[in-house]
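Asks: based on what follows, work out the 3D shape:
(one chain, ligands or ions: 1)
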Amino acid sequence: MQYDYLIVGAGLYGAVFAQQAVAHGKSVLVIDKRSHIGGNAFTENIEGINVHKYGAHVFHTNCKEVWEYISRFAEFNRYTNSPVANFKGELYSLPFNMHTFNKMWGVVTPDEAKAKIEEQRKSANIAEPKNLEEQAVSLVGTDIYERLIKGYTEKQWGRPCNELPPFIIKRLPVRFTFDNNYFDARYQGIPIGGYTEMISKMLGGAEVRPGVDYLKSKGEPELLAKTVVFTGSIDSYFNYCYGELQYRSVRFETEVLELDNYQGNAVVNYTDRETPYTRIIEHKWFEFGKDKNGADIPKTVISREYSSEWKQGDEPYYPVNDERNNDLYLRYKSLAEKEKNVIFGGRLGEYRYYDMDVVISAALERCKIVFGDNL
Ligand code: UDP
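Replies: Predicted coordinates:
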């Protein structure tokens, strides 16, 4: 055997596993079919701006252990995510909070906002929410559902809201305060210097070979290892033998503009059904010039994000965790459990809508089982 561990996928799960394995004195090879490391957190410096090439990644966690762990590999800035929703030219604050309720209904106090939501929830007659639509209406009422959720969600998931699981919308906080922070998280920020630099530090000590597709090169002598950590999609590993799991894919249209400031915020969501993209990211606002209106870099980079159904050959981004897909995943999972010396992990390996902190935590937990301790 060439290596103790072959790690397939240089995203966060793979990077944590590699870092721990190396710290425990193991020999590690990390491969990735892409030409770069970082997985979907990959950032690329364009015109002095760290561009989130696979969509916005804002690190946030409530777990002190995860925060302390990741802070060993990067210093984090004080970015706080507060997206703006654009519905047909009208702007609303996200997540749903007193600014949103005031703009929507003119209400001023938390009690007035609660009363409005309760009135709309009652007339929709929802007791126990069974799908995303019912969950959304019961959390924020029909007006907000219609303007800020329905169109966006149907573009994002390509399915009607009453066929989607309720947990998706429960990711977002609803607040009866004027707090625009998108996350209920004690720790939040973006690594100064970008995610690629951070992940490269985590991979220090491992051998890293981008541009190698495991499923095509499996069995080649130079990839032989005692244990494989596979972070690609679990159905692809088994050659889709039970059929494909469903994913959503995303396409980014990225442009460099000769402007200081395009939209005044890192994230603007387009929540109507007609605009073909879901959101526009203006990358410089994740890190630069908040006090100088962005003029420290007289250019800006924006990405429009288009969502589509995944098909083989596309990049899978979001697992569609409805009942049918979750059941199919369980069949793959039982195959995975029988696979000797292979560990499956990460958003694609475990078919879960994981945030970055949960990926790190899952990888650290796994490493504790394998190596006995986290170093
Ligand atoms: N969502 C919405 N309107 C918005 C933003 C989000 O309806 O303006 C819903 C949508 O269904 C989305 C879910 O909330 O899939 C979770 O949003 P989040 O921002 O957590 O998604 P991510 O950043 O992971 O794409």
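
Asks: from now on I want contacts and neighbour counts done on CA atoms only, so please keep to that.
Replies: OK.

Asks: the host helix or strand of Val51 - contacts with which helices or strands?
Replies: Assigning secondary structure by DSSP states H and E places Val51 in strand 49-52. On a contact count with 3 or more C-alpha pairs under 8 Å, 6 or more residues apart in numbering; DSSP states H and E, strand 49-52 meets strand 43-46, strand 300-309.

Asks: rerun at 6 Å
Replies: Secondary-structure packing of strand 49-52 (3 or more C-alpha pairs under 6 Å, 6 or more residues apart in numbering; DSSP states H and E): strand 43-46.

Asks: what comes up buried for the strand it packs on?
Replies: 43-44 (16 or more other C-alpha atoms under 10 Å).

Asks: grab the nearest non-local neighbour of the residue of the stretch 151-300 of the chain found nearest the ligand.
Replies: Residue of the stretch 151-300 of the chain nearest the ligand, by C-alpha to the nearest ligand atom: Thr153 (3.9 Å). For Thr153, ignoring the flanking residues on the chain, the nearest one in space by C-alpha to C-alpha, 6 or more residues apart in numbering is Cys161 at 6.9 Å.

Asks: my guess is that neighbour meets Leu132, correct?
Replies: Yes. If you go by C-alpha atoms under 6 Å, Cys161 and Leu132 touch, sitting 5.4 Å apart.

Asks: what about stretch 319-334, near the ligand?
Replies: No. If you take C-alpha under 6 Å from any ligand atom as the test, stretch 319-334 misses the ligand, and the best it gets is 10.3 Å.

Asks: before we move on, what about stretch 251-266?
Replies: No. Residues of stretch 251-266 contacting the ligand under C-alpha under 6 Å from any ligand atom: none, with a closest distance of 12.5 Å.

Asks: can you give me the strands for the stretch 251-375 of the chain?
Replies: Assigned by DSSP state E, counting those that start in this stretch, the stretch 251-375 of the chain shows strands spanning 267-270, 279-282, 300-309, 318-319, 342-344.

Asks: ranking those by burial, who's on top?
Replies: strand 279-282 (a mean of 25; mean count of other C-alpha atoms under 10 Å).

Asks: and the strands of the stretch 251-375 of the chain as a markdown table, adding mean pLDDT?
Replies: A markdown table is the format used below for the strands of the stretch 251-375 of the chain (pLDDT from 0 to 100):
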| stretch | mean pLDDT |
| --- | --- |
| strand 267-270 | 98 |
| strand 279-282 | 98 |
| strand 300-309 | 97 |
| strand 318-319 | 96 |
| strand 342-344 | 98 |
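
Asks: next, count neighbours for the residue of the stretch 151-300 of the chain closest to the ligand.
Replies: For Thr153, the count of nearby residues is 23 (other C-alpha atoms under 10 Å).

Asks: three-state assignment of it?
Replies: helix (DSSP: H, G, I helix; E, B strand; the rest coil).

Asks: please report how far it lies from Val58.
Replies: 20 Å (C-alpha to C-alpha, to the nearest Å).

Asks: next one: Ile149 from Thr109, what distance?
Replies: With distances taken as C-alpha to C-alpha, Ile149 is found 23 Å from Thr109.

Asks: neighbour count: the two, which is higher?
Replies: A direct count of neighbours by other C-alpha under 10 Å for Ile149 and Thr109 places Ile149 higher, at 23 against 13.

Asks: the more buried one - that's part of a strand, no?
Replies: No. Read with three-state DSSP, Ile149 is helix and lies in no strand.

Asks: so what's it closest to, chain neighbours aside?
Replies: Thr271 (6.6 Å).

Asks: and that neighbour, how many residues sit next to it?
Replies: The number of residues packed near Thr271 is 26, by other C-alpha under 10 Å.

Asks: what sits against it?
Replies: By C-alpha atoms under 6 Å, 6 or more residues apart in numbering, Thr271 lies in contact with 87, 148, 151-152.

Asks: and Asn341, what is it in contact with?
Replies: Thr227.

Asks: pLDDT value on it, please?
Replies: As predicted, Asn341 sits at a pLDDT of 96.

Asks: pop out the phi and psi values for it.
Replies: Main-chain torsions, Asn341, degrees, to the nearest 10: phi 60, psi 30.

Asks: same check on Tyr214?
Replies: Main-chain dihedrals, Tyr214, degrees, to the nearest 10: phi -60, psi -40.

Asks: what do you get for Asn40?
Replies: Dihedral angles (degrees, to the nearest 10) for Asn40: phi -80, psi -10.

Asks: mind pulling up the pLDDT for it?
Replies: As predicted, Asn40 sits at a pLDDT of 97.

Asks: will you turn the strands of the stretch 251-375 of the chain into JSON lines that also has distance to Leu91?
Replies: Below are the strands of the stretch 251-375 of the chain laid out as JSON lines (distance: least, C-alpha to C-alpha, whole Å):
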{"stretch": "strand 267-270", "distance to Leu91": "9"}
{"stretch": "strand 279-282", "distance to Leu91": "13"}
{"stretch": "strand 300-309", "distance to Leu91": "18"}
{"stretch": "strand 318-319", "distance to Leu91": "27"}
{"stretch": "strand 342-344", "distance to Leu91": "42"}
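
Asks: please identify the helix or strand for Arg209.
Replies: Going by DSSP H and E, Arg209 is part of strand 207-210.

Asks: chain center to the helix or strand following that strand, what's the gap?
Replies: Using DSSP H and E, the helix or strand that follows strand 207-210 in sequence is helix 214-217. Relative to its chain's centre, helix 214-217 lies at 26 Å (C-alpha atoms, centre = their mean, to the nearest Å).

Asks: same question for stretch 55-73.
Replies: That offset, for stretch 55-73, works out to 13 Å (C-alpha atoms, centre = their mean).

Asks: mind checking the SS state of Glu68?
Replies: Glu68 - assigned by three-state DSSP - is helix.

Asks: run a quick neighbour tally on it.
Replies: Using other C-alpha under 10 Å, the number of residues around Glu68 comes to 11.
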